[in-house]
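[1] dropping a prediction and its sequence here:
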Amino acid sequence: MHISCSQPQLLQAVQKVHRAVATTTTLPALTGILFQAEENMLTLQGTDLDLGIIYSFPVEVLTPGELLLPARIFTEMVRRLPPTNLSLQALPDNTVEITYMQSRVHLNSFDPSQFPSLPDIEGNISLEVDLNIIKDAVRKVSIATSSDDLRSILSGILLEIKPDGTQFNLVATDTHRLAVYRGPLAGVTSNEPVNALIGSRSLNELARLLPGEEGQVQITVGSSQIFARYENLKMYARLLDGKFPHYRQVIPQSYVTKVKVATRDLLETTERATLLARDEIKSRSYIIFLQVDETLKITSEAAEVGHLEEELAAQIEGEPLTLALNGRYLLETLRIIDTEEVILELSAPLKPVVVKPDGEDNYFCLILPVRINTTPENNSPGV
């Protein structure tokens with residue numbers, strides 16, 4: 001293989017594909033990026049067997065062929081090269097020569113035949129979603145995923161499509177909170193319902209790879225994998241095994257108290273309250289108190305740190321209510337809400353609090369309160 005291309009183009013491509021490369025594996029080929037050159041097009045592939053990214057861009061192909069290069073060192077080397085034209089040429093001794101200006105670098109390569117074949121795009125259901133909608137949905141839902149690898153279904157995001165094919169839902173929960181996003185579909189090829197559990201890492205990588213502009217990404221749902229395609233970018237991900245919790249059962253159908261407050265004011269107060277709400281006992285850490293009466297009062301304290309009490313002007317409907325929350329969960333929710341005001345819907349001291357942007361009905365995050373005056377290990381109910 002022998003190609004010529006610009007350093008900025010190559011760096012952009014390598015950085016996209018590198019995100020799917022395995023970091024720890026017993027298979028050396030999975031730590032590499034596969035380069036395939038033919039018909040003046042260079043295609044890069046990277047995978048860890050759970051996630052795969054394929055990216056193509058036009059280059060000058062002097063000799064078609066393929067190379068498998070170690071991803072980490074090659075990416076770092078390309079990043080440090082000057083922004084000029086480069087030449088990549090495979091040599092008979094299983095090395096690659098990178099030539100630029102009057103300089104050259106030799107890197108060892110792997111055997112390309114050891115790289116696993118990525119699956120073909122297949123599935124009964126294909127849908128199209130606007131780029132900005134899917135990026136917004138993933139950003140707002142992924143905050144509720146679990147980082148506990150022992151319960152993989154809670155590290156995933158549920159994709160639901162109703163039989164009418166007009167709307168999709170993204171849902172995530174870690175049993176302490178639940179995030180739901182409802183968005184319109186730009187198109188769908190089947191009226192079959194969809195319930196696909198996708199790893200949050202895969203969807204976050206897709207959102208990161210997609211540009212912030214107008215357009216649609218095509219998503220195909222297979223029996224065990226999901227595929228996404230946008231222009232010269234393709235991504236596939238294995239679906240997670242397991243049954244997602246019956247989340248609709250915990251969504252409150254009514255509330256007794258409604259609070260409308262400025263998002264920035266509540267965010268900044270929660271930041272200060274959470275800063276003080278630290279405790280050596282993990283289950284008591286980050287607990288803040290919300291007291292709703294004529295105003296919204298936020299309090300927190302830790303014996304060895306200090307005490308905070310702040311009142312916020314708010315529009316309040318319904319009954320006075322006091323409850324305790326994990327301030328970190330509230331903080332993460334407020335940070336992804338884009339409206340100037342936020343709505344809190346409360347039902348009881350131990351019933352879920354619904355947090356949603358004012359004037360928008362396509363997203364909400366449900367946060368379970370913390371049980372007060374009980375043993376630490378029983379502080380919080382679960383979804």
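    In hand now; what should we look at? The structure displayed is predicted, hence computed values, not measured ones. Residues are numbered from 1 along each chain as shown.

[2] so where do the helices sit in the stretch 251-383 of the chain?
    Counting by DSSP state H, counting those that start in this stretch, the stretch 251-383 of the chain has helices at residues 263-276, 327-335.

[3] which stretch among these comes nearest residue 147?
    Among these, helix 327-335 comes nearest to residue 147, with 12.5 Å by C-beta to C-beta. In short, each C-beta sits where N, CA and C put it, glycine included.

[4] packing partners for that closest one?
    Taking 3 or more C-beta pairs under 8 Å, 6 or more residues apart in numbering; DSSP states H and E as contact, the helices and strands that helix 327-335 lies on are strand 177-184, helix 263-276, strand 287-292, strand 353-357, strand 363-367.

[5] quick one, which of those gets closest to residue 330.
    Nearest to residue 330, of the helices and strands packed on helix 327-335 and by C-beta to C-beta, is helix 263-276 at 5.4 Å.

[6] same for the closest one, what does it pack against?
    Short answer (3+ C-beta pairs under 8 Å, 6+ apart): helix 263-276 packs on strand 287-292, strand 296-302, strand 306-312, helix 327-335, strand 341-346.

[7] now the longest one, how far from the centre of its chain.
    If I follow you right, that is helix 327-335. 16 Å (C-alpha atoms, centre = their mean, to the nearest Å).

[8] measure how that helix sits relative to strand 177-184, angle-wise.
    Note on geometry: by axes from the mean of the first three to the mean of the last three C-alpha atoms, to 10 degrees, helix 327-335 and strand 177-184 are set 20 degrees apart in direction.

[9] got a list of contacts for helix 327-335?
    Residues external to helix 327-335 that are found in contact with it (C-beta atoms under 8 Å, 6 or more residues apart in numbering): 143, 176-177, 179, 263, 266-267, 270-271, 273-274, 277, 286-288, 300, 342, 355, 365, 367.

[10] what do you get for the first one?
    For strand 287-292, the external contacting residues (C-beta under 8 Å, 6+ apart) are 257, 259, 270, 273-274, 277, 279, 296-300, 316, 320-327, 330, 344, 346, 370, 379.

[11] now list the buried members of those residues.
    257, 259, 270, 273-274, 277, 279, 296-300, 316, 321, 323-327, 330, 344, 346, 370, 379 (16 or more other C-beta atoms under 10 Å).

[12] save the helices and strands packed on helix 327-335 as JSON lines, and put in mean pLDDT and distance to residue 101 too.
    As requested, these are exported to JSON lines (pLDDT from 0 to 100; distance: least, C-beta to C-beta, whole Å):
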{"stretch": "strand 177-184", "mean pLDDT": "97", "distance to residue 101": "48"}
{"stretch": "helix 263-276", "mean pLDDT": "95", "distance to residue 101": "50"}
{"stretch": "strand 287-292", "mean pLDDT": "95", "distance to residue 101": "58"}
{"stretch": "strand 353-357", "mean pLDDT": "98", "distance to residue 101": "52"}
{"stretch": "strand 363-367", "mean pLDDT": "98", "distance to residue 101": "51"}
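
[13] for residue 200, grab phi and psi.
    Residue 200 adopts backbone torsions of phi -60, psi -30, taken as degrees, to the nearest 10.

[14] for residue 243, same thing?
    phi -100, psi 120.

[15] ok, now which ones touch it?
    residue 153.

[16] what are the buried residues along whichever helix or strand residue 17 is part of?
    Here residue 17, judged by DSSP states H and E, is contained in helix 7-18. By 16+ other C-beta under 10 Å, the buried positions in helix 7-18 come out as 7, 9-11, 13-14, 16-18.

[17] may I see the helices and strands packed on helix 263-276 organised as CSV, with distance to residue 152 added?
    As requested, the helices and strands packed on helix 263-276 are exported to CSV (distance: least, C-beta to C-beta, whole Å):
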stretch, distance to residue 152
strand 287-292, 28
strand 296-302, 33
strand 306-312, 38
helix 327-335, 21
strand 341-346, 31
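
[18] of all the ones you listed, which one is nearest residue 163?
    strand 341-346 (29.2 Å).

[19] please save the CA atoms from the closest one in CSV.
    C-alpha atoms of strand 341-346 as CSV (Å, rounded to 0.1, in the frame of the first residue of the first chain):
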residue,chain,number,x,y,z
GLU,A,341,-36.5,28.1,34.0
VAL,A,342,-36.8,24.6,35.3
ILE,A,343,-39.9,22.8,36.8
LEU,A,344,-39.8,20.6,39.9
GLU,A,345,-42.8,18.4,40.5
LEU,A,346,-43.0,16.8,44.0
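
[20] good, we can wrap up now.
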